[in-house]
Structure formats: C-alpha cells, structure tokens
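In: With the input below, show me the fold.
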Amino acid sequence: MRCDVLTLFPTVIEAYLNEGILRRARDRNLIEVRTINIRDFTADPHRKVDDYPYGGGAGMVIKPEPVFRAIEHLKEDGEARRVILLTPQGRPFNQRMAEEFAEEERRFVLICGRYEGIDERVMTLVDEEVSIGDYVLTGGELAALVIIDAVTRLLPGALGDERSKEDESFSWGLLDYPHYTRPREFRGLKVPSVLLSGDHKKIWQWRRREAIKKTLRMRPDLLEKVNLTDEDRKILEELKSEMD
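Out: You can find the predicted model right below:
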C-alpha cells in the first residue's frame, strides 16, 4: 500500500503509524505512507488555509489553493493516483472496500478535511468520497488512519499469523466469535469446554455458531448480505427459535 495523506496535522498521523502493526509494516516496506502538510502549500506568510464561507454561516472553509497545489505537486512524478476525500457524505467504508483498496496498484491520496468543510472546487480533483460512518468528526485524520489500518492488516506479511485476518470480524461477513485465554476459570467464569477439547472440527463449528449468534443479536442486517451455507441457515433458525 502506498499512500499520501494531505492533512493540517501530520503529527497525528505519524504518531499512530509509529506504533504496533503499522510501524512493523513500514519497517518491512509493506506500506509506504507519507504525510503532506497542506500548510506547506499556502502562498501567504501566515500559512492561512481557511477562510469565511461565501453566503455566510458558522465556521471556516478550507481554501482551494493549497489543496490544488499539494495535489499538483504530488502528480509531478507522473505516477497514477486515486484521490479520495474523506467526508461524512462519502461511500461507506467497510471490509469489502478495504479488500478493494488492498488490491489497488495505484498510490492513494487521502485528503483530510477540517473545520466546516473544504471548498467544493477541490472536488474536480477527487476520484471518490469515502466516509467511515454517519457522524461528524473534527477532521479527517481519524478516518485516514482507520482506512490505512484496515487495509494494512490485509497485506501479506503484515500480521504475525496470517490466520488472524481470516478469523476476525467481517472476514466471514459476520461478527467475530468470542475469544478466551488463560486462566481456564476466572472468578467463577469458565472457558467453554469445547475450546479445551482439542477437537478442531467441533471448535470450528462452535465458533461459527457463536459468530452467527452474535451477528443475529447485534448486527442482523449483516445476515442479509453474507453467503450462508445450508448448515448456517439451520443454525440461524435454531437461534431465532431460542430467542423467541
């Protein structure tokens, strides 16, 4: 994954990139993430990036000039790029989109908005708008990190155990099954005996059932999208009967 993040707060991005899985992925050259400070492309001595909105209203709007200059500067190398603006009204980001991004061969440009928004003329440079949820954040930095983190986890070699990404939430299209570790019993709460059995088939069946159960309870909408086997549908009907 190769990505340029246009932001007013590059230290926010760098702080997260320098920890854990993302740091190791950078060290192994699995990802290349560059932070571009939008203020570096202003023309005035005060490095002003925002101004009052035409037509009135509260808040400030990011000016078009520094964003245009930053993207034009990046494109000078002739490399193909997919320019993404992070906004609440964009296409909802999900696991399927993360997989799509992980397979993308072009470099990404993630534009982090701030204040009340960004001058609409910037949209002439944008290939797509993406949102991480139906809520408003102070800026797009958190959204950029969510995308970078989710995509990085899908890259070969990024995780210590490649089975991790196959077993976690949404990889099956379902929520994740429950996890347990030592001790076997804690304050009267015991680890399910099937997980101690050593029978891998039964363990897999238990995990699948628990994943369907949790999805039914917390995100039933996902069950309409996932490809369920005949056995899954049988489990689902049993769980619905138990709930009734």
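
In: could you pull out the strands for the chain?
Out: For the chain, applying DSSP state E gives strands covering 2-7, 32-37, 50-51, 61-62, 81-92, 107-112, 128-131, 185-186, 189-190.

In: want to throw the ones you listed into TSV with distance to residue 228?
Out: Any C-beta I mention is one placed from the backbone N, CA and C, and that applies to glycine too. Shown next, in TSV, are these (distance: least, Cβ to Cβ, whole Å):
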stretch	distance to residue 228
strand 2-7	35
strand 32-37	37
strand 50-51	49
strand 61-62	45
strand 81-92	22
strand 107-112	33
strand 128-131	28
strand 185-186	34
strand 189-190	30
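
In: and residue 235, which of these is closest to it?
Out: Comparison of those against residue 235 by Cβ to Cβ identifies strand 189-190 as nearest, at 23.0 Å.

In: Please identify the pairing partners of that closest one and their relative orientation?
Out: Strand 189-190 has these partner strands in its sheet, going by DSSP bridges: strand 185-186 (antiparallel).

In: ok, back up a step: is it possible to get CSV of the strands of the chain that adds mean neighbour count, distance to residue 225 and mean pLDDT?
Out: Listed next are the strands of the chain as CSV, based on neighbours: other Cβ atoms under 10 Å; distance: least, Cβ to Cβ, whole Å; pLDDT from 0 to 100:
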stretch, mean neighbour count, distance to residue 225, mean pLDDT
strand 2-7, 22, 28, 98
strand 32-37, 18, 30, 98
strand 50-51, 15, 40, 96
strand 61-62, 21, 35, 96
strand 81-92, 18, 13, 95
strand 107-112, 24, 26, 98
strand 128-131, 16, 18, 97
strand 185-186, 10, 36, 96
strand 189-190, 10, 33, 96
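
In: so which of these comes closest to residue 205?
Out: strand 189-190 (19.4 Å).

In: Leaving out sequence neighbours, find the closest residue to residue 191.
Out: Nearest residue to residue 191, sequence neighbours excluded (Cβ to Cβ, 6 or more residues apart in numbering): residue 180, at 4.4 Å.

In: contacting residues for that neighbour?
Out: 191-192, 195 (Cβ atoms under 8 Å, 6 or more residues apart in numbering).

In: Swap in 10 Å and give it another go.
Out: Each residue near residue 180 by Cβ atoms under 10 Å, 6 or more residues apart in numbering is listed here: 186, 189-192, 195-196.

In: how much space between it and residue 210?
Out: 11 Å (Cβ to Cβ, to the nearest Å).

In: Identify the contacts common to the two.
Out: Contacts common to residue 180 and residue 210, judged by Cβ under 10 Å, 6+ apart, are residue 192.

In: hang on, the earlier thing: using a markdown table, please lay out the contacts of residue 180 together with distance to residue 107.
Out: Output for those, formatted as a markdown table (distance: Cβ to Cβ, whole Å):
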| residue | distance to residue 107 |
| --- | --- |
| 186 | 47 |
| 189 | 48 |
| 190 | 50 |
| 191 | 46 |
| 192 | 46 |
| 195 | 43 |
| 196 | 48 |
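
In: which of those lies closest to residue 2?
Out: Nearest to residue 2 among these, with distances taken as Cβ to Cβ, is residue 195, at 40.1 Å.

In: Make sure that closest one is actually in contact with residue 179.
Out: Yes - assessed by Cβ atoms under 10 Å, residue 195 is found in contact with residue 179 at 9.4 Å.

In: Which one of these two is surrounded by more residues?
Out: residue 195 (17 against 9; other Cβ atoms under 10 Å).
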